[in-house]
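In: what follows is a predicted structure for the sequence shown.
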Amino acid sequence: MDKITMKDIAKAAKVSKSTVSRALSNDPRVNEETRKKVVKIAREMNYRPHQVAQALAKKNTNIIGVVLPTFPRTVADPFFLEFLQGIGEIAVEKGYSLTLPNLARKEIQNLGQVINKNTVDGVILTEPKIDDPRIKYLKEKEIPFVFLGNPMDKDDVYWVETDNIRGSYLAMEYLIKSGHKKIATVAGSPDLVAGKYRYLGYKKALENYGLTIDKNLVCYADFTEEGAYSAVLKLLEKRNDFTAIFVANDLMAFGVIKALKEKGLSIPEDIAVMGYDGIKLGEFIEPPLSTIKIPSRQMGRVALNLLIKLINGENVKDKHVLLPPELMVRESA
């Protein structure tokens with residue numbers, strides 16, 4: 001038996017094909033009597049809508065926009081590749097495609113172009129900023145979105161994150177209990193939530209263990225190897241009395257290790273180094289990097305599952321998903 005089409009239903013109901021389409025999608029332009037008639041005939045004829053056509057009728061595309069970091073960070077950052085792997089696994093499982101728009105400049109304007117073309121059903125955003133302007137924009141456009149990271153004080157925003165304060169506290173606690181009293185840090189950008197929270201964990205550990213918070217042992221970088229490399233070289237020109245350094249992500253830790261080696265310092269004998277993220281590459285540098293492991297791949301899976309529920313209008317009990325960080329001790333500390 002040939003598959004029943006909208007054309008067949010239209011003939012039986014003595015209406016146009018477009019009326020059938022509107023009636024089956026509950027379009028308010030179709031009066032209630034006609035809608036009920038079309039739905040009844042469709043059921044009697046055992047009509048099964050084509051999934052692609054149904055998606056188009058609903059203006060759904062089954063495409064998810066993933067907004068990855070802007071310059072100077074890139075998708076080449078292993079952490080984001082692992083996060084993207086998790087998203088991709090769920091996308092394949094649930095029948096979604098991914099698009100990675102280039103929003104390096106004029107971010108809001110370019111984000112608007114992606115949405116206005118109706119190419120995405122929802123958006124996953126990374127690197128939330130303090131007072132992130134994307135939140136207001138996406139709410140006004142009524143586009144479902146989920147953040148990788150806690151955008152701070154936004155109870156009505158959905159996000160998945162690890163406890164950055166707890167993670168950096170674990171890193172510092174390990175260094176302190178290993179006997180280090182003067183611990184420097186290469187903090188991430190204070191404009192980014194992750195940078196702010198990881199620095200707060202650094203401070204909290206020093207305070208709780210009765211150690212002095214020396215602002216001259218704090219330098220900032222942009223979460224890249226190059227940024228941290230330059231920052232540590234400048235720090236070493238001013239100070240050489242610290243015995244350990246906590247770095248706000250693993251890529252920056254690679255830059256720190258390069259700078260220390262160039263200055264003839266041994267790791268961890270002269271200066272211990274602790275990173276953050278737990279990317280796979282950290283196992284293979286010399287010395288292997290001690291770090292805080294966060295479940296990047298799992299975070300990608302959780303983020304997309306959460307977003308799909310929002311797209312489908314499902315009730316979501318947990319708007320905020322906080323995953324635990326884990327201390328990984330290797331040879332660098």
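Out: Done, it's in.

In: quick one: contacts for Y169?
Out: By C-beta atoms under 8 Å, 6 or more residues apart in numbering, Y169 lies in contact with G201, Y202, K204, A205. Using the backbone N, CA and C atoms, a C-beta is placed for each residue, glycine as well.

In: try it again with 6 Å
Out: G201, K204, A205 (C-beta atoms under 6 Å, 6 or more residues apart in numbering).

In: for L323, state which of the residues you listed is nearest.
Out: Ranked by distance to L323 (C-beta to C-beta), these are led by G201 at 15.6 Å.

In: what number of residues lie near the closest one?
Out: For G201, the neighbour count with other C-beta atoms under 10 Å is 26.

In: again with the one 3 residues further on
Out: A count of neighbours around K204, defined by other C-beta under 10 Å, yields 16.

In: give me the distance between it and K319.
Out: 25 Å (C-beta to C-beta, to the nearest Å).

In: may I have the predicted confidence score for the closest residue to A23 other than its chain neighbours?
Out: By the measure of C-beta to C-beta, 6 or more residues apart in numbering, the closest residue to A23 outside its immediate chain neighbours is V38, 3.9 Å from it. The per-residue pLDDT reported for V38 equals 90.

In: helix, strand, or coil at V38?
Out: When classified by DSSP: H, G, I helix; E, B strand; the rest coil, V38 comes out as helix.

In: contact partners for it?
Out: A13, V20, A23.

In: my read is that the second one contacts I9, right?
Out: What it means is V20. Yes - V20 lies in contact with I9 (C-beta atoms under 6 Å); the separation is 5.0 Å.

In: between these two, which one's more packed in?
Out: V20 (26 against 23).

In: so the more buried one is in which element?
Out: Assigned by DSSP states H and E, V20 belongs to helix 17-24.

In: any idea which helix or strand comes after the lowest-mean-pLDDT helix or strand in the chain?
Out: Lowest by mean pLDDT, DSSP states H and E among the helices and strands of the chain is helix 51-57, with a mean of 49. Downstream of helix 51-57, the next assigned helix or strand under DSSP H and E is strand 63-67.

In: can you list the buried residues in that following strand?
Out: I63, I64, G65, V66, V67 (16 or more other C-beta atoms under 10 Å).

In: partners of it, with directions?
Out: Applying DSSP bridges, strand 63-67 is found paired with strand 97-99 (parallel), strand 122-126 (parallel).

In: would you list every one of the helices in the protein?
Out: Here the chain has its helices, by DSSP state H, at 6-13, 17-24, 32-44, 51-57, 78-94, 107-116, 133-140, 164-177, 193-208, 225-238, 250-262, 296-311.
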